[in-house]
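Novice: I would like to see how this sequence folds:
(one chain, ligands or ions: 2)
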Amino acid sequence: MTAAYGRILLKLSGEALMGDDAYGINPAMLASIVAEVKSVADLGVEIGVVIGGGNIFRGVAGTATGMDRATADYMGMLATVMNAMALSDAMRQAGLNGRVQSALNIEQVVEPYIRGKAIRYLEEGKIVIFAAGTGNPFFTTDTAAALRGSEIGAEIVLKATKVDGIYTADPKQDPLATRFARISFDEAIGRDLKVLDSTAFALCRDQKLPINVFSIFKPGALKRIVMGEDEGTLVHV
Ligand SMILES: Nc1ncnc2c1ncn2[C@@H]1O[C@H](COP(=O)(O)OP(=O)(O)O)[C@@H](O)[C@H]1O
Ligand SMILES: O=c1ccn([C@@H]2O[C@H](COP(=O)(O)OP(=O)(O)O)[C@@H](O)[C@H]2O)c(=O)[nH]1
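Specialist: Residues are numbered from 1 along each chain as shown. Ligands and ions are numbered 1, 2, ... in the order given. Predicted coordinates for the structure are as follows:
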């Protein structure tokens, strides 16, 4: 079995880590995500991961209480560092070699993001977890996934989320929404489909970096995409 991609960037939503809990990190969910990642790592695919923070803190939620947006966003970025550390530890327990690199310097805790070093780790078969998003407020971890994916020369960005693809409308709001198997960047941006933010879409489009949106709750979905099978929604140039 050979994989369709040699190097991928996996975006894991923070909320995926909650499982059925109301917030935080659910250990069983974390272990099942790591098992999915391992099934792909075992194929020899090089994996970069960008992890979200929405299970702990979301910048926009902070501003609802009157907090300054940039301050709230920095808190959101710190939340992603906690998730990254939990993920890397769960990888260690599963026998995988994970390395966390943070876009914000917290040297006593995790390594800083250094592109060349990240690429070296990938070549060595280590899984690099990119924490703290882009390091800038007013961005999201989806945009961080597009950015890091471009920087490391990933062949595809895989967005693992709560829905099993991109729909004509938010399927959580509209039960009649139908799923696209494939959609072009121009159409996804033109229809203002909210599953990814527009900055992330635009960056991937400019870099000709395809995106596949799939459900993190569907066992085997990640591996199927990596094997080149039809799963979720492929956003193409
Ligand atoms: N057109 C659409 N197709 C699919 N999902 C959509 C769409 N519009 C909005 N969504 C919503 O987007 C959510 C995923 O985006 P987001 O909340 O940013 O996830 P994540 O936390 O995984 O980054 C889905 O749970 C879904 O409810
Ligand atoms: O480059 C970034 C990435 C993230 N964030 C902040 O971190 C929070 C958590 O990230 P995100 O919402 O993307 O996580 P997810 O939806 O994947 O759980 C965001 O709400 C932002 O407040 C940010 O300011 N800049």
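
Novice: do the helix or strand bottoming out on mean pLDDT in the chain and ligand 1 meet?
Specialist: The weakest-scoring helix or strand in the chain, judged by mean pLDDT, DSSP states H and E, is helix 59-63 (a mean of 87). No. Helix 59-63 is not in contact with ligand 1 by Cβ under 6 Å from any ligand atom; minimum separation 11.0 Å. Any C-beta I mention is one placed from the backbone N, CA and C, and that applies to glycine too.

Novice: Any part of that helix near ligand 2?
Specialist: Yes. Helix 59-63 is in contact with ligand 2 by Cβ under 6 Å from any ligand atom, via Gly59.

Novice: tell me the contacts of Cys204?
Specialist: Contact analysis of Cys204 by Cβ atoms under 8 Å, 6 or more residues apart in numbering lists Ala146, Gly149, Ser150, Val157, Phe185, Pro210, Ile211, Val235.

Novice: Against which helices or strands is the longest helix along the chain packed?
Specialist: Across the chain, the longest stretch assigned as helix under DSSP state H is helix 69-93. Counting contacts by 3 or more Cβ pairs under 8 Å, 6 or more residues apart in numbering; DSSP states H and E, helix 69-93 is packed against helix 27-41, strand 46-51, helix 59-63, strand 98-102, strand 127-131.

Novice: quick check: angle from it to strand 127-131?
Specialist: 160 degrees (axes from the mean of the first three to the mean of the last three Cα atoms, to 10 degrees).

Novice: and helix 69-93 with strand 46-51, angle?
Specialist: Using the same axes, to 10 degrees: helix 69-93 against strand 46-51 is 140 degrees.

Novice: Around ligand 2, pick out the residues from the chain.
Specialist: Close to ligand 2, as judged by Cβ under 6 Å from any ligand atom, the chain has residues 13-15, 52-54, 58-59, 72-73, 76-77, 79-80, 133-134, 136-137, 139-144.

Novice: of all of this structure, which residue lies closest to ligand 1?
Specialist: Ser13 (2.8 Å; Cβ to the nearest ligand atom).

Novice: what stretches of this protein score poorly on pLDDT?
Specialist: Residue ranges of the chain with pLDDT under 70: none are present.

Novice: returning to what we had before: and the longest helix of the chain, what's buried?
Specialist: 72-88, 90-91 (16 or more other Cβ atoms under 10 Å).

Novice: Most remote residue from the middle of the protein, which is it?
Specialist: Gly66 (28.4 Å; Cα atoms, centre = their mean).

Novice: Good, wrapping up.
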